[in-house]
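S.K.: this one's sequence-less:
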Ligand code: DOR
Ligand code: ZN
């Protein structure tokens, strides 16, 4: 039986929520990853260092005893973010990045940025303090087709941000298109991207062909096969610009299986296994360790982890739901088989 052993990996983009959902999902991320960059799109959003520290405390309280896991906190950028707050974030050892949500782009993004040009003075502050900006790269214009939102964002905003702030450390989060991959590959070393398991494994047919599959609905939305192929090529290329970010985004099953379902794929319980499947499909299992365990840490200027995790090549049935108490969340690939298992 084939076994794959990797340096302990990190998740550079995850949603663990708070309250009862946090209690139900945190252990899955903490089991697979040594560290994770925790997204700040709570209700209300985590906009200050004080809120980020309180959120961190909540996470640590919920963490199962004896589990070695470090949450890396982020701030939610708004038009009203104070320069002093960004300076405090840069000085805080627990805050590692600031997240830019275009207003209305996704879950809990109402408080996000409506006019990206208006926050350029704040980007200059981030550049100065070397605090990474994590970007949800989609325009929200009504006249933009949902499948073109990332491409338009690159043309309209990201190119301009990169040009205006040449030393700003940028992560284009959860890239989904060949345009994003090509842009990031051609940019300087200060520009990187995360890639999710769902965008490596599925194209938009998985969302819509043969019936609507709400558990494959996330934002940015799944794209055509040619885009998936470009993402797979980037992730398995050995380029340090592309690293693991699951974007695991739990919503309780009822709010996914609804007339207006929430965006987000819950992949935390089997994320590493899904990445292994994708890399195996590309004949590039030897490239998984760099993507999962090295390049993100290097980009963030953090040490690579000590210790290892192992995956065994073994088929197993993904449960229909994970959860605790009254919270039940349907995972990606629920009821399907996965060919690798963490051991
Ligand atoms: O599908 C998504 N879900 N995309 C995001 O950008 C946010 C996330 C969430 O928080 O549910
Ligand atoms: Zn996300």
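M.R.: Good, I have the coordinates. Every value quoted in this text rests on a predicted model; they were computed, and no experiment measured them. Ligands and ions are numbered 1, 2, ... in the order given.
S.K.: C-alpha only now, for contacts and for neighbours.
M.R.: OK.
S.K.: I'd guess residue 287 is in a helix, am I close?
M.R.: Yes. Counting by DSSP: H, G, I helix; E, B strand; the rest coil, residue 287 is located in a helix.
S.K.: Could you double-check that it lies in contact with residue 236?
M.R.: Yes. Counting by C-alpha atoms under 8 Å, residue 287 touches residue 236, with 5.6 Å between them.
S.K.: Tell me the residues that contact both of the two, please.
M.R.: residue 279 (C-alpha atoms under 8 Å, 6 or more residues apart in numbering).
S.K.: out of the two, which sits in the busier spot?
M.R.: Of the pair residue 287 and residue 236, residue 236 is the one with more neighbours under other C-alpha atoms under 10 Å, namely 22 against 17.
S.K.: separation between the more buried one and residue 178?
M.R.: From residue 236 across to residue 178, the span is 14 Å (C-alpha to C-alpha, to the nearest Å).
S.K.: for residue 90, same thing?
M.R.: Plainly put, residue 90 is 33 Å away from residue 178 if you go by C-alpha to C-alpha.
S.K.: Residue 234 too?
M.R.: Residue 234 is 9 Å from residue 178, by C-alpha to C-alpha.
S.K.: Give me the more crowded residue out of these two.
M.R.: Per other C-alpha under 10 Å, whichever of residue 234 and residue 178 has more neighbours is residue 234, with 24 against 20.
S.K.: Show the contacting residues for that one.
M.R.: If you count contacts by C-alpha under 8 Å, 6+ apart, residue 234 has them with 181, 242.
S.K.: so which strand or helix has it?
M.R.: Using DSSP states H and E, residue 234 maps to helix 225-235.
S.K.: Packing partners of the next helix-or-strand element following that helix?
M.R.: For helix 225-235, the succeeding helix or strand toward the C-terminus, using DSSP H and E, is strand 242-244. Contact here means 3 or more C-alpha pairs under 8 Å, 6 or more residues apart in numbering; DSSP states H and E; on that basis strand 242-244 packs against strand 11-14, strand 191-195, helix 225-235, helix 295-300.
S.K.: and the stretch 151-300 of the chain, which residues reach ligand 1?
M.R.: By C-alpha under 6 Å from any ligand atom, the residues of the stretch 151-300 of the chain that approach ligand 1 are 218, 219, 249, 263, 264.
S.K.: out of these, which is most surrounded?
M.R.: In terms of neighbour count, residue 264 stands highest of these at 24 neighbours, by other C-alpha under 10 Å.
S.K.: got a list of what the nearest residue to it once chain neighbours are set aside touches?
M.R.: Closest residue in space to residue 264, ignoring its immediate chain neighbours: residue 218 at 4.2 Å, by C-alpha to C-alpha, 6 or more residues apart in numbering. By C-alpha under 8 Å, 6+ apart, the contact list for residue 218 reads 262, 263, 264, 265.
S.K.: wait, the first one sits on residue 213?
M.R.: No. Because the distance of 12.0 Å does not satisfy C-alpha under 8 Å, residue 262 is recorded as not touching residue 213.
S.K.: Look at the two and report which has more neighbours.
M.R.: Neighbour count, other C-alpha under 10 Å: between residue 262 and residue 213, residue 262 has more, with 23 against 14.
S.K.: Look at that one and tell me its secondary structure.
M.R.: Secondary structure assignment for residue 262 (three-state DSSP): coil.
S.K.: Could you check how far the residue lying closest to it once chain neighbours are set aside is from ligand 1?
M.R.: Using C-alpha to C-alpha, 6+ apart and skipping residues adjacent in sequence, the residue nearest residue 262 is residue 256, 5.2 Å away. Here the criterion is C-alpha to the nearest ligand atom, to the nearest Å. By it, residue 256 lies 10 Å from ligand 1.
S.K.: wait, isn't residue 256 in contact with residue 214?
M.R.: Yes. Judged on C-alpha under 8 Å, residue 256 makes contact with residue 214 at a distance of 5.9 Å.
S.K.: Strands of the stretch 1-150 of the chain, residue ranges please.
M.R.: Applying DSSP state E, counting those that start in this stretch to the stretch 1-150 of the chain gives strands spanning 3-7, 11-14, 35-38, 70-76, 95-100, 133-135.
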